[in-house]
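1. Structural data only, the sequence is not supplied:
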């Protein structure tokens, strides 16, 4: 690496440390789709840290339509369409 670029580990840590606000109330699921069981609920405005992201069921939510799901904890996923990340794509490492 040259020019002060981050190592992969540093990039993961930097991305994992970012928090994003929820655009609306959302059910937390045990996997990346609405067919997975509900394991909680979060309110609009709650800040979440995205550990990693993975493709799953396509969902339409307050920020658009996407198949990206955000892992916010062990066995805890929310559709990226409920998170104001400022991007329509991946903002964290893939799970």
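-> Noted; the coordinates are in hand. Keep in mind the model is a prediction, meaning the values are calculated, not measured.
2. Going by C-alpha atoms from here, please, whenever you check contacts or count neighbours.
-> Will do.
3. Please give me every residue in contact with residue 42.
-> 25, 26, 27, 28 (C-alpha atoms under 8 Å, 6 or more residues apart in numbering).
4. I meant residue 59, not that one.
-> 65, 66, 67, 79, 81.
5. Where do the helices of the protein begin and end?
-> 8-16 (DSSP state H).
6. Nearest the geometric middle of it, what residue?
-> residue 70 (2.5 Å; C-alpha atoms, centre = their mean).
7. doesn't residue 48 make contact with that one?
-> No. The criterion here is C-alpha atoms under 8 Å, and residue 70 misses it with residue 48 at 9.5 Å.
8. List the beta-bridge partners for the residue nearest to the centre of the chain.
-> residue 53, residue 78 (DSSP bridges).
9. which stretches of the chain have low pLDDT?
-> Under the criterion pLDDT under 70, the flagged ranges of the chain are 1-17.
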